[in-house]
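Chemist: Pasting the sequence and the predicted model now:
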Amino acid sequence: TYIGVGFGKPAFATKNQILPNKSLKIAGENVVDSITGFEIDGNKSVLMSDFDCPWTNNCNSMGDSIPKNLEYLCSGGDSGGGIFRTSNKQLVLIGLTSLTNFDIQLQAKSGYYGQTMGFLRISTFNKWILNNMK
């Protein structure tokens, strides 16, 4: 489980709608459903999640279809926001919001449920980060 934060667009999950011009600070939770992307030193670079629906799993795109209580979907304006996991009672940055895969057919069928998002995996770049913090 991770906590995602950003400065994105609020929306109703079940409606097709034009997102408002204003952005709000948002936060929620989700799970990493898969790890993909290019590899550095044998480690894949992208953490992927989908936005799970609370009443059906027929729009699930990947992984477990059971949503968290505050299921999180990144949105316009959230790029660069962090996702964090708890380790030893502290929040640890594990990814940065970097992409969404918007499926218009899925949108027509189930609103935002099933849409996917990706986060640049911080641990893939640990060696580079440590070498450049000198």
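Modeler: Perfect, thanks for sending it. Numbering: from 1, shown residues only.

Chemist: which helices and strands does the lowest-mean-pLDDT helix or strand in the chain pack with?
Modeler: Every helix and strand in the chain was compared by mean pLDDT, DSSP states H and E; the lowest is helix 104-110, with a mean of 85. On a contact count with 3 or more C-beta pairs under 8 Å, 6 or more residues apart in numbering; DSSP states H and E, helix 104-110 meets no helix or strand. Glycine gets a C-beta too; all of them are placed from N, C-alpha and C.

Chemist: which other residues reach it?
Modeler: 14, 16, 53, 58-59, 61, 113-115 (C-beta atoms under 8 Å, 6 or more residues apart in numbering).

Chemist: Which helix or strand lies directly C-terminal to it?
Modeler: Note on helix 104-110: by DSSP states H and E, the next helix or strand toward the C-terminus is strand 116-121.

Chemist: Just the mean pLDDT for that following strand, thanks.
Modeler: Mean pLDDT, strand 116-121: 96.

Chemist: Give me the distance between the two termini of stretch 105-122.
Modeler: Across stretch 105-122, the terminal residues are separated by 32 Å (C-alpha to C-alpha, to the nearest Å).

Chemist: residue ranges of the helices in the chain, please?
Modeler: Using DSSP state H, the helices of the chain run over 104-110, 126-131.

Chemist: got those helices as a markdown table, with mean neighbour count and distance to Lys89 columns?
Modeler: Shown next, in a markdown table, are the helices of the chain (neighbours: other C-beta atoms under 10 Å; distance: least, C-beta to C-beta, whole Å):
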| stretch | mean neighbour count | distance to Lys89 |
| --- | --- | --- |
| helix 104-110 | 13 | 37 |
| helix 126-131 | 11 | 21 |
